[in-house]
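Visitor: For reference, the sequence and a predicted model appear below.
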Amino acid sequence: MEIVVSGIRPTGNLHLGNYFGALSNFLKMQQTHHCFFFIADYHSLTTHPTPSDLHGNVKQVLVEYLAAGIDPEKATLYIQSDLPETAELYLLLNMNAYMGELERVTTFKEKARKQAENVNAGLLTYPSLMAADIIIHKAHKVPVGKDQEQHLELTRTFARRFNRMYNHEFFPEPTAFNFGAELIKIPGLDGSGKMGKSEGEGNAIFLADDPKIIRKKVMRAVTDAGPTTPNQPMTEAVAILFSLMRTMSKPETVDHFLNEYNACTIRYGDLKKQLAEDIVNFTAPIRERIHELAADEKYLSKVATMGAEKAHESAGKTISEVREIIGFRKF
Ligand code: TYM
């Protein structure tokens, strides 16, 4: 059976970008693949070096994974820092990772610009840690959003390099995956490109947002003065609303508003109202489960312990084989 690995950083509540880029794929894949899903708390330190509530943030993602429908009996659900084998493999991969290739990574360049006062080594070697996460379970597929594509390319480079250097076909070369034909990028509501946790207020809609907030965020989204000639190309802001609508709403709804747009009779207020209701209906059951699960510490602890044990079984085997291949042997 094919092996699947993916993770999410605990740096804020999960939003629709996380859901449609990654989580929705996790939910399907757990039925058919051997899945490992984790909370990337080591990675979160590259941008949040002294988090005020790391444990609380990890708990929030654990709760949201479960509320969205990850079944911890089917998939292995664990916390990255519960698996020290990952840290060991990261160290070993770093010995064969080159400054030049790490410095060329777009997310590194972006983060280095954003946090110029803290361009730490963890930020530079972020892709080696991510590769370690993935190949520690010898994964084949990695469900992620479009923004992770370059990291996956490097993961394949590191896996291939290891195999070649030690002349051993050991690690498979994993690929980024989405059930649709392509990896996706959900845009933010404020027109700033990607929906993200650390963008400004009003950019992201979170799974845990209550209906009032969702309606407010959608109603505030930027639009334009409206089309004046039939079939006029859309401005970026309006294209974003349609793009969200395509993910959230029924195809008939999208067609209805598209026809109105093309006929220049569209009222953006109506489109936003419909979009907000579709988002509210979609997130309501998840939000309810978030509240229930957050109160059940005993269950969360059971899930995390079971996940760590299962992950350890798989990772322990890989790391002892890697040690053997490299030549760390017992006297
Ligand atoms: P993170 O925590 O930033 O995001 C988690 C997942 O959500 C996807 N995503 C999006 N997809 C579409 N549109 C968006 N606007 C959007 N925003 C976020 C991300 O692509 C990601 O799949 N480096 C990873 C965490 C990680 C990981 C791994 C992933 C660490 N180790 C190993 C896979 C395998 C990250 O920062 O994701």
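Guide: Structure received.
Visitor: Over to Asp224. Which of the three states is it?
Guide: Here Asp224 is recorded as coil under DSSP: H, G, I helix; E, B strand; the rest coil.
Visitor: List the contacts of it.
Guide: Shown in contact with Asp224 (C-beta atoms under 8 Å, 6 or more residues apart in numbering): 235, 237-238. Every residue, glycine included, has its C-beta placed from N, CA and C.
Visitor: looking at those, which has the most residues close by?
Guide: Ranked by the number of neighbours (other C-beta atoms under 10 Å), the contacts of Asp224 place Val238 first, at 22 neighbours.
Visitor: And the next helix or strand past the helix or strand hosting it?
Guide: If you go by DSSP states H and E, Val238 is part of helix 236-248. Counting by DSSP H and E, the next helix or strand C-terminal to helix 236-248 is helix 251-262.
Visitor: any idea of the mean pLDDT for the following helix or strand past that next one?
Guide: Next along the chain after helix 251-262, taking DSSP H and E as the criterion, comes helix 268-294. The average pLDDT within helix 268-294 is 97.
Visitor: which residue packs closest to Asn262, ignoring adjacent ones?
Guide: Asn231 (5.0 Å; C-beta to C-beta, 6 or more residues apart in numbering).
Visitor: how about the residue in the stretch 101-250 of the chain that the ligand sits nearest to, phi and psi?
Guide: Of all residues in the stretch 101-250 of the chain, the one sitting closest to the ligand is Gly145 (2.2 Å; C-beta to the nearest ligand atom). With angles defined as degrees, to the nearest 10, Gly145 sits at phi -80, psi 170.
Visitor: measure the nearest residue to it once chain neighbours are set aside to Val142 for me?
Guide: In this structure, Gly145 finds its nearest non-sequential neighbour in Gly21, 2.8 Å apart by C-beta to C-beta, 6+ apart. Using C-beta to C-beta, to the nearest Å, Gly21 is found at 12 Å from Val142.
Visitor: tell me which residues form a beta bridge with the spatially closest residue to Val144 that is not a sequence neighbour?
Guide: Excluding its sequence neighbours, the residue lying closest to Val144 (C-beta to C-beta, 6+ apart) is Ala176, at 5.3 Å. Taking DSSP bridges, one obtains Val142 as the residues bridged to Ala176.
Visitor: What residues does Ala176 make contact with?
Guide: Residues in contact with Ala176, defined by C-beta under 8 Å, 6+ apart, are 142-144, 148-149, 152, 183.
Visitor: which stretches of the stretch 101-250 of the chain form helices?
Guide: Using DSSP state H, counting those that start in this stretch, the helices of the stretch 101-250 of the chain run over 106-114, 121-124, 126-135, 149-165, 211-220, 236-248.
Visitor: just the ones you listed: most buried one?
Guide: Mean neighbour count (mean count of other C-beta atoms under 10 Å) peaks for helix 126-135 among the helices of the stretch 101-250 of the chain, with a mean of 26.
Visitor: Contact residues of the stretch 51-200 of the chain facing the ligand?
Guide: 130, 133-134, 142, 144-145, 147-148, 184-186, 194-196 (C-beta under 6 Å from any ligand atom).
Visitor: quick check: mean pLDDT across the helix or strand harbouring Ser301?
Guide: Assigned by DSSP H and E, Ser301 falls within helix 297-326. Helix 297-326 shows a mean pLDDT of 98.
Visitor: and that helix, what does it pack onto?
Guide: strand 34-39, helix 54-68, strand 76-79, helix 84-94 (3 or more C-beta pairs under 8 Å, 6 or more residues apart in numbering; DSSP states H and E).
Visitor: related to what we said a few turns ago, so which of the residues of the stretch 51-200 of the chain next to the ligand wins on neighbours?
Guide: Ile134 leads those on contacts (other C-beta under 10 Å) with 31 neighbours.
Visitor: Touching, it and Val5? I think so.
Guide: Yes. Counting by C-beta atoms under 8 Å, Val5 is a contact partner of Ile134 at 4.9 Å.
Visitor: okay, and the common contacts of these two?
Guide: 142, 174.
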